[in-house]
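J.: quick one: sequence and predicted model below, then my questions.
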Amino acid sequence: MKGTFLGEFEELVLLVAGALYDNAYGVTIAEEIEKQTGRSVSLSAVHTALYRLEEKDFLTSHLGGATNERGGRRKRMYRITAAGKETLNEVRTLRNRLWKMIPDVSVNPG
Amino acid sequence: MNPNEKHIPPQWATRFLHGYCPASVLEEIEGDLIENYERNVILHNKRYADLRYIIDTIRFFNPVTFRKARKIKHRYHHSSSMHTAMIKNYFISALRNVRKNLAYTAINISGLALGIACCLIIFVIVRYESSFDDYHSKADRIYRVNLNQEAPNTRRFNGCNYTPLAEAVRSVVTGLEAVTGVYCLQQYQINRNEEIIEGTYAFFADSHYFDVFDGSWIRGDNRALSKPNTAVVTDRFAEDFLGGVSNAVGETFLLDNKVPLTVGGVIKSPPSNTDHPYSMLISWSTLAQFTPGSDDDWENVSAGATYVVFRPETRSDQLYPQFERIIASHLEPELAEKTSFYLMPLNDNHDRNYDYSSFTYDFPKPVMIILSIVGGMIAFIACINFINLATAQSLTRAREVGIRKTMGSSRMQLVGQYLSEAFVITLIAGLAGLALAKAGIVQLNSYYGDDNLQLDFINEPSTLIFFSIIILVITVLAGFYPAIVLSGYRPVSALKAQKSSGKQGLTLRRGLVLAQFTGAQILIIVTFLMINQINFFRNRDLGFDPSAIMILPYLKSYDQERFVVLDQELRKVKGRIDHTFAYGGPVGVGSNQIEIHPVDDETNSRRALLNYGDAAYLNTFSISLLAGTNFTDAMDSASSEVLVNETLIKLLGYDRPAAAVGGIFTADGRDVRIRGVMRDNYTHAMTSTVEPFILAHDPEQIFGVAIRFSKEKISETIAGVEAAWKIAYPGYICNYMFMDDLLNREFNTFDRIFTFLGIASITAIFIGSLGLFGLVSFMAVRRTKEIGIRKVLGATITNIITLFTKESMVLIIVAFVVAAPLAYFTGNLMLLELPERVTPDVMIFLYPLVISMGIAGMTVGFRAFQAARQHPTDSLRTE
């Protein structure tokens, strides 16, 4: 299914955006990913992923109100859509199915 | 690290971000970047934060960012410049503006309407003239076989060819689909039941004519053209002379009092844009009766022409060798060597290839190009008016721009707004121009006596396309610059209405006015140059008054008895001074080109003109004899004695006229003796050179009578001549002509060009002055107070008028300095085709200057006077 394909990083961003719920925007998402995975992510990569996810209708966005932080610049806040959640679900189901198919032998070390 | 310390990210990276990042996503991206930067400074250090910031600003420069930016725009800014509601709004405010500034709008519209009308008329003319003979279904494969012949000093190009050529081509040449020969009678008369009818363009044509050309039969078919003494008439001819199409077939009449013809078919009249505008086609086999011997005449070229249709695969280089064989087998060997044929595409005849003669007339391509350039120039001058007035008004509209921008209008929207204003004005002007062009074309058609030119959108979609293109081009040309300037104002300074903003466009406006008047004056000067050229020849002293000479050119053939009768009758005509039986007059008309050389010295061959006349010739044309004796009335047969002019005897080596008398030379292969020497007289209408001229005496070569009369009672004289003609030639129409009309034919093409150029230059000056009027009115309104104060301080009306007109006058003079050399160059270029050019005197250049200054001075002065007359109390009170 074209268009619903999720890249690994996109999936991560989508999951984090869902998890942060009301406080999901570029910086917090990047922060959260760093915190959870320990790897350093660039802000632009997160933004690009967010824009792509929004094109695929997995996220919606709106501009938040002006704050005194960051020079009064508004934030673009993201929220996961039903379609986004459904896709995450599908991905998880697929993963689980595949997990179950792995014979125990193959996971044994050595 | 002090968390309160303000850290600033690298500014160059920020500038870079601002440089590329679309406004719609800049805010969110920059916000995130700054927040992230501050976090990084705290978590890591400034160096790390700077690095991340730089990397991120660079990495944001990717297609996804821009795509997002575009999407957001569409989603949130529904007031895009192309939205229908917006377009409606543009037009509403455009119309409001048109109504608000009625005076300026009127000036713009009338100027543009004139310009558009000019373009449309020229388009219709050019389209008509370039459409000649395009309508034939085989048009792209029809070629005319033209004749090239080497003459002593020149090459002669002839569109006509040997009359029997078509038959020869048909029987010998391969690779052709069809061949047809025609023989054209440009003027003819028919006698039917005591009635004499005059017609133009009868073509002798063979039965293959319609294999080459298109035509549709109403009665009869191709077989009619293979029967002798048969004519095929057009439906128009049948309606006019034979009592309708249904009665026409079987009717009989006499052609030129020589050949009886029976109508064997009726055909639809050809369209007017053809070189064969026949009213009648006559079967080819009749030609032998009409001009005996012509069907096998390989010596003289008269009015015959040969047309061929190529097979699709045929190339012309396959045909030339075959033509060479025809030339070799039919022509005298000496002539054959100098002769070659040229296959000319039929479509080139009227416009592209004007070296070769046509049966109708030529409309050379360069003339079309000149016409188009002039039309474009006028439209451009009108566009300049629009630009000038719009930028002059920009100060008034600066506030509007300021407010619109403050209310959130984007620059593109403002450009759209002003362009639509230009469009509305151009469209109104276009409709007015359409009406003007219609009227102009009606005028033109009546001038040429036909309704060939049509401005028709329905049958000619190309006209509609051209019209739309013109409207669009003018909209952009006129509206683009003002739109860019106006929309570029910054709201703050526009709302403050700084005075300086009005001055910004001043240099530009001056430049544009300069361009307008340069263009207009080039047109006037070129017109004057050409009028000067032609008038020089038209008004020069020919030694006789051509308007007091009448010519009867239609004596059908030598007929001694009728000549005697006509001679006797003409002597009785009131107002006649003298008359001569002659073949044309001494200038231009009716002379034969021949070769002369001293006896036994063929290498010294020269071109000369040969004319035939009798004893009265010298007196009729007021030519004085310098030596020798005139012909006498007693001579009644061909004589080997000739009269020659001074130029000729000088060529032969005689220094005095008297010495030449009795001398012998060879003319056209025949030895002749000089009987008398005539004073030199101009031999060509368009040059001042005098060619060697011979007047020979041979009654059998006479085809006309020239009558000199006193101009006091012209109508009586004409009636007398007609009566005399009736007695001598009862069955013929009396086709008298005046010598000056005959000479003027040579000038006719130029007269048309003058009329056109004259109208064009007046239009150009008029439009330019309209623009000046608008500019001055605008200045007058803006400077009302200044005028008031000046008047209070003691300025007179003259002072104030000078204040306003001085600048325009200076501009016109500068424009003249630019225009004069350009016009001189262009004018000479246009007259290049003429054998001789007249050096213009200074006055030719001064008149245009005076005219343009006069017209502009009057319009500007008039407005300035109005402004100056205002009472200071009124003008100072305005606020």
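T.: Yep, it's here.

J.: what helix or strand does the residue of the stretch 551-700 of chain B found nearest chain A sit in?
T.: Closest approach between the stretch 551-700 of chain B and chain A, counting by C-beta to the nearest C-beta: B:Met686, at 77.9 Å. For glycine as for every other residue, the C-beta is placed from the backbone atoms N, C-alpha and C. Counting by DSSP states H and E, B:Met686 is held by no secondary-structure element, helix or strand.

J.: ramachandran coordinates for it?
T.: phi -110, psi 0 (degrees, to the nearest 10).

J.: same question for A:Gly38.
T.: phi 80, psi 0.

J.: number of residues surrounding it?
T.: Here the number of neighbours of A:Gly38 (other C-beta atoms under 10 Å in any protein chain shown) works out to 7.

J.: that one and chain B, how far apart?
T.: 14 Å (C-beta to the nearest C-beta, to the nearest Å).

J.: mind pulling up the pLDDT for that residue?
T.: Per-residue confidence (pLDDT) for A:Gly38: 86.

J.: distance between stretch A:60-71 and the chain's centre?
T.: Relative to the chain's own centre, stretch A:60-71 is displaced by 20 Å; criterion: C-alpha atoms, centre = their mean, to the nearest Å.

J.: now check that stretch, is it near chain B?
T.: Yes. Between stretch A:60-71 and chain B, judged by C-beta under 8 Å from any C-beta of the partner chain, the touching residues are A:Leu63, A:Glu69, A:Arg70, A:Gly71.

J.: where in chain A is pLDDT low?
T.: A:1-4, A:66, A:105-110 (pLDDT under 70).

J.: residue boundaries of the helices in it?
T.: A:8-20, A:26-37, A:43-55, A:82-101, A:104-107 (DSSP state H).

J.: which one of those is the most hemmed in?
T.: helix A:43-55 (a mean of 22; mean count of other C-beta atoms under 10 Å in any protein chain shown).

J.: residues in contact with that helix?
T.: A:7, A:9-10, A:13-14, A:17, A:26-27, A:29-30, A:33, A:59-61, A:76, A:78, A:84, B:29, B:32-33, B:36, B:52, B:55-56, B:59-60, B:62, B:64-65, B:67-68, B:71 (C-beta atoms under 8 Å, 6 or more residues apart in numbering or on different chains).

J.: where does chain A come near chain B, residue by residue?
T.: Near chain B, when you scan chain A using C-beta under 8 Å from any C-beta, you find A:25-27, A:30-31, A:42-45, A:47-48, A:51-52, A:54-55, A:63, A:69-71, A:73-76.

J.: mind doing that once more with 10 Å?
T.: A:25-31, A:34, A:40, A:42-52, A:54-55, A:61, A:63-64, A:66-67, A:69-77 (C-beta under 10 Å from any C-beta of the partner chain).

J.: only alpha carbons, please: show stretch B:279-290 as CSV.
T.: Provided in CSV are the C-alpha atoms of stretch B:279-290 (Å, rounded to 0.1, in the frame of the first residue of the first chain):
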residue,chain,number,x,y,z
SER,B,279,-15.1,38.0,-65.8
MET,B,280,-15.0,35.8,-68.8
LEU,B,281,-12.9,32.8,-69.9
ILE,B,282,-12.6,32.3,-73.7
SER,B,283,-11.7,29.0,-75.3
TRP,B,284,-8.0,28.8,-76.2
SER,B,285,-8.7,27.9,-79.8
THR,B,286,-10.4,31.3,-80.3
LEU,B,287,-7.1,33.0,-79.6
ALA,B,288,-5.8,32.3,-83.1
GLN,B,289,-8.7,34.3,-84.5
PHE,B,290,-8.3,37.1,-82.0
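
J.: that stretch: how far from the chain's middle?
T.: Counting by C-alpha atoms, centre = their mean, stretch B:279-290 comes out at 36 Å from the chain centroid.

J.: cool, and stretch B:729-748?
T.: With C-alpha atoms, centre = their mean, you get 27 Å for stretch B:729-748.

J.: ok, stretch B:418-426 next?
T.: With C-alpha atoms, centre = their mean, you get 31 Å for stretch B:418-426.

J.: one more: stretch B:388-402?
T.: 40 Å.

J.: residue of chain A nearest chain B, please.
T.: A:Arg73 (3.2 Å).

J.: Three-state assignment for the residue nearest to that residue when sequence neighbours are not counted, please.
T.: Once flanking residues are discounted, A:Arg73 sits nearest to B:Gly31: 3.2 Å by C-beta to C-beta, 6 or more residues apart in numbering or on different chains. With DSSP: H, G, I helix; E, B strand; the rest coil as the basis, B:Gly31 sits in helix.

J.: next one: B:Ala615
T.: With three-state DSSP as the criterion, B:Ala615 reads coil.

J.: measure the residue of chain A closest to chain B to B:Ser410 for me?
T.: Counting by C-beta to C-beta, to the nearest Å, the separation of A:Arg73 from B:Ser410 is 22 Å.

J.: so for those two, which sits in the more crowded spot?
T.: A:Arg73 (19 against 15).

J.: list the contacts for that one?
T.: By C-beta atoms under 10 Å, 6 or more residues apart in numbering or on different chains, the residues touching A:Arg73 are A:63, A:66-67, B:26-35.

J.: B:Gly244 too?
T.: Taking C-beta under 10 Å, 6+ apart as the test, what B:Gly244 contacts is B:Asp235, B:Ala238, B:Val266.

J.: pick out the residue of chain B closest to chain A.
T.: B:Gly31 (3.2 Å).

J.: give me the pLDDT value at that residue.
T.: So B:Gly31 comes in at 87 (pLDDT).

J.: that one - how many residues pack around it?
T.: B:Gly31 has 24 nearby residues by other C-beta under 10 Å.

J.: and the helices in the stretch 151-300 of chain B, which stretches?
T.: B:165-172, B:209-212, B:235-241, B:245-248, B:287-290 (DSSP state H, counting those that start in this stretch).

J.: just those helices: most buried one?
T.: Of the helices of the stretch 151-300 of chain B, helix B:209-212 is the most buried (mean count of other C-beta under 10 Å), at a mean of 21.

J.: thanks again, I'm all set now.
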